[in-house]
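A.B. asks: Predicted structure and sequence below. I'll ask about it afterward.
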There are 2 protein chains.
Amino acid sequence: MYRNFKIVPNIIFGRGCFSQLDEILALQRKPDPAPMTFVVDDVFKGSDLNNRIPLKDQDLLLWINVDEEPKTTQVDSLTREVQERLGRPPGGVIGIGGGSTLDMAKAVSLMLTNPGSSADYQGWDLIKHPAVYHVGIPTLSGTGAEISRTTVLSGPEKKLGINSDYTLYDQIVLDPELTAGAPPEQRFYTGMDCYIHCVESLEGNFINAFSRSYGEKALDLCREIFLQEDPESDDKLMMASYFGGMSIAYSQVGVCHALCYGLSYVLGTHHGIGNCIVFNTLEEFYPEHVAEFHNMLNKHQIRLPGSLVADVSQDKLDKMIDIALRLDPLWENALGKDWQKIMTRDKIRSLYLRM
Amino acid sequence: MYRNFKIVPNIIFGRGCFSQLDEILALQRKPDPAPMTFVVDDVFKGSDLNNRIPLKDQDLLLWINVDEEPKTTQVDSLTREVQERLGRPPGGVIGIGGGSTLDMAKAVSLMLTNPGSSADYQGWDLIKHPAVYHVGIPTLSGTGAEISRTTVLSGPEKKLGINSDYTLYDQIVLDPELTAGAPPEQRFYTGMDCYIHCVESLEGNFINAFSRSYGEKALDLCREIFLQEDPESDDKLMMASYFGGMSIAYSQVGVCHALCYGLSYVLGTHHGIGNCIVFNTLEEFYPEHVAEFHNMLNKHQIRLPGSLVADVSQDKLDKMIDIALRLDPLWENALGKDWQKIMTRDKIRSLYLRM
């Protein structure tokens, strides 16, 4: 049995294509023009991008703060705000930002048509009703959030995505100019999210020719971007992110993402930098790629923070291990059916203590 | 202005995934089960694949012959046959075969909901109504017909596609096992369609990072398949075809396809072999790739037919030139805005006379 998978059906790519957003949304505003809701990373408040958002009367512009990873409580309160302020479902939800913002916008678009709390839907295929029309516009490249069928949320009990075909964006706007202003460290960490999940997918057991074709090209692009000088690197990184996301269709992430989920849940470490901190300790599992990653760190003069876990309480460390161990598909992809013999609690503890 | 392009939204890939077709169609048969229409290359009559087609009561199975390239008259008569035999639109049209069959099935699915002759719609975005649900299942890899927004037809006046977002399949089933039985020469010629259109797209003026990422990977895959020994070559060729098709999103084919259209229209030469015959004479435009193509010909011991055009009448040769010259976007992509200064009638004539 193979997965019959759904992909984002409408794509526009090109430098400056953000200017075509107004025209794209116009088709959705007809015939009964319901207001649009823009969910935008608050770092853009007052920026040039802010002024270019094609707001019409009654549209909502919601600035969101993503200093912390997205939470189910935050999604629920944003959803309520939209419902209360508009009094009816919006004609569309448009997410503009990095992976966290894109995930928030996806989650809000789902929760506007599905009752209860977003925490009720953390898992696989629990969503019952199609989301409202939603558009993803990345301003950072690497997470693959623009193309993925998940929205990763920290809930009351777990960090887990709302995985559903309905989660997928209806439209993505890929404008490499929007990523030009990102701080270099953040750009690096987010790019490494792509590099690392491609490594995990290519080195895993679930891979096939479809996912391999996407993953290999994404990895090639990451090498051109992070190990060479490349004037087109913003364009290429945007494509690497898209290809990296597509490569997950018939594969899975692995050791790094599983451990990173535990780290982020307990310490709130952001996904991009968290992955780098974890991957740095995984030479036993991905030897050649960890060496290549070190070259990328050196070339970009990135110093990873250390000793994050050393002083963490025993309880918190146990919680990290619990969260990581829950991710069976990731471990099975990385280590095979007998992964529990290799990845014991003690083994995970010893890896965490190196971070 | 960039094109906001639509892609095939549902994909299943994997060896043996054809067996899941019944289940995929079941979702479309509900709640009012309209019969399905299968449009199948008649080389499969009596084959194992024939027996595996998930036919239900009242479904139509139409065997089609693609010894000649698809014609608008053939599309119109197939459409009438479906209308007369079913008395209502089918729940779906499923094309099973190579590029010609896939194009026929796309065209029939469009003409079931759009009045008049398919010749009325040869061009760009002339289709007014969505097609009936249609599924593409390639049994040869390379044309990209499974993913393209066109269906190339020979009409009363021209060979030109019905280019429309509605032309795109709603679902594709990519099962590399279905391509295993193709005759080696046909497999080669069809694979070269992918190789050649990637060369034209990568060497053209319209390319951007999106199309380049797809085109480069498709070309890499073609090299692995046709210049090395590769046990996974059916899987890879299916991916190369898909990637080659996607690379056209922001690019165009070039000199070879333009000349091949003229050749096919007048002599009926099939697209795959036609492209090879033309590309063989284009060392002036694509020097490195024509050399690489010769290595592929040698490795696969393919001898191209020669002297096709030498004895053709002056009238027919003029018609070929007319057809080729009509394809402005292809020439502009290959040779720039001033292409008419380079590609004169005499120049085209001299190229044709070498074929």
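C.D. replies: Structure's in. What do you need?
A.B. asks: contacts, neighbours, all on C-alpha from now
C.D. replies: Noted.
A.B. asks: Spell out which parts of chain A neighbour chain B.
C.D. replies: A:1-14, A:17, A:20, A:208-210, A:213, A:217, A:235-236, A:239 (C-alpha under 8 Å from any C-alpha of the partner chain).
A.B. asks: where along chain A do the helices fall?
C.D. replies: A:21-29, A:48-52, A:72-86, A:99-111, A:184-202, A:209-227, A:233-247, A:255-267, A:271-279, A:287-299, A:314-325, A:328-335, A:339-342, A:345-353 (DSSP state H).
A.B. asks: Please work out which of those is packed deepest.
C.D. replies: Using mean count of other C-alpha atoms under 10 Å in any protein chain shown, the stretch among those with the greatest mean number of neighbours is helix A:99-111 (a mean of 29).
A.B. asks: what angle sits between that helix and helix A:184-202?
C.D. replies: 70 degrees (axes from the mean of the first three to the mean of the last three C-alpha atoms, to 10 degrees).
A.B. asks: quick one: helix A:99-111 to chain centroid distance?
C.D. replies: 10 Å (C-alpha atoms, centre = their mean, to the nearest Å).
A.B. asks: other SSEs contacting it?
C.D. replies: strand A:36-41, helix A:72-86, strand A:92-97, strand A:134-138 (3 or more C-alpha pairs under 8 Å, 6 or more residues apart in numbering or on different chains; DSSP states H and E).
A.B. asks: Serialize those to CSV and add fields for mean pLDDT.
C.D. replies: Listed next are the helices and strands packed on helix A:99-111 as CSV, based on pLDDT from 0 to 100:
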stretch, mean pLDDT
strand A:36-41, 98
helix A:72-86, 96
strand A:92-97, 98
strand A:134-138, 98
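A.B. asks: In a markdown table, list those along with distance to A:V266.
C.D. replies: Shown next, in a markdown table, are those (distance: least, C-alpha to C-alpha, whole Å):
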| stretch | distance to A:V266 |
| --- | --- |
| strand A:36-41 | 23 |
| helix A:72-86 | 15 |
| strand A:92-97 | 24 |
| strand A:134-138 | 27 |
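A.B. asks: one step back: and the residues of chain A next to chain B, which of them are buried?
C.D. replies: Neighbour-count burial (16 or more other C-alpha atoms under 10 Å in any protein chain shown) applied to the residues of chain A next to chain B gives A:4, A:6-14, A:17, A:20, A:208-210, A:213, A:217, A:235-236, A:239.
A.B. asks: count of neighbours near the closest residue to A:C194 other than its chain neighbours?
C.D. replies: Nearest residue to A:C194, sequence neighbours excluded (C-alpha to C-alpha, 6 or more residues apart in numbering or on different chains): A:G142, at 4.7 Å. Neighbour count of A:G142, defined by other C-alpha atoms under 10 Å in any protein chain shown: 32.
A.B. asks: Quick one, grab the pLDDT at A:G142.
C.D. replies: As predicted, A:G142 sits at a pLDDT of 96.
A.B. asks: same thing with A:D48?
C.D. replies: A:D48 is given a pLDDT of 96.
A.B. asks: distance of it from A:G181?
C.D. replies: Relative to A:G181, A:D48 is positioned 11 Å away (C-alpha to C-alpha, to the nearest Å).
A.B. asks: With A:K56 instead?
C.D. replies: 26 Å.
A.B. asks: do A:P89 as well
C.D. replies: From A:P89 across to A:G181, the span is 33 Å (C-alpha to C-alpha).
A.B. asks: So if I had to pick from these two, which one is more boxed in?
C.D. replies: Set A:P89 next to A:G181 and count neighbours by other C-alpha under 10 Å: A:P89 wins out with 18 against 10.
A.B. asks: so what's the more buried one up against?
C.D. replies: Contacts for A:P89 (C-alpha atoms under 8 Å, 6 or more residues apart in numbering or on different chains) come out as A:34, A:82-83, A:112, A:132.
A.B. asks: same check, this time on A:G262
C.D. replies: Shown in contact with A:G262 (C-alpha under 8 Å, 6+ apart): A:319-324.
A.B. asks: Rank those residues by pLDDT and give me only the lowest.
C.D. replies: Among those, A:I323 has the weakest pLDDT, 92.
A.B. asks: Please name the nearest non-neighbouring residue to that one.
C.D. replies: Leaving aside its sequence neighbours, A:I323 sits nearest to A:G262 (C-alpha to C-alpha, 6+ apart; 5.0 Å).
A.B. asks: Kindly report the same for A:K217.
C.D. replies: Spatially, and ignoring its direct neighbours in sequence, A:K217 is nearest to B:K217 (6.3 Å; C-alpha to C-alpha, 6+ apart).
A.B. asks: Kindly provide the distance from that neighbour to B:S247.
C.D. replies: Applying C-alpha to C-alpha, the value for B:K217 to B:S247 is 10 Å.
A.B. asks: shaky segments in chain A?
C.D. replies: Scanning chain A for pLDDT under 70 picks out nothing.
A.B. asks: and the gap between A:E229 and chain B?
C.D. replies: To chain B, A:E229 is 16 Å away according to C-alpha to the nearest C-alpha, to the nearest Å.
A.B. asks: Tell me how far the nearest residue to A:N65 once chain neighbours are set aside lies from chain B.
C.D. replies: With sequence-adjacent residues excluded and distances taken as C-alpha to C-alpha, 6+ apart, A:N65 is closest to A:D42, at 5.7 Å. Per C-alpha to the nearest C-alpha, A:D42 is found 27 Å from chain B.
A.B. asks: I figured A:D42 was touching A:L61, is that so?
C.D. replies: No. The criterion here is C-alpha atoms under 8 Å, and A:D42 misses it with A:L61 at 10.5 Å.
A.B. asks: Let me know how buried the closest residue to A:G306 other than its chain neighbours is, in neighbour terms.
C.D. replies: Excluding the flanking residues, the one nearest A:G306 by C-alpha to C-alpha, 6+ apart is A:M355, at 6.0 Å. By the criterion of other C-alpha under 10 Å, A:M355 has 19 neighbours.
A.B. asks: can you pull the contacts of A:M355?
C.D. replies: Counting by C-alpha under 8 Å, 6+ apart, A:M355 touches A:277-278, A:281, A:306-310.
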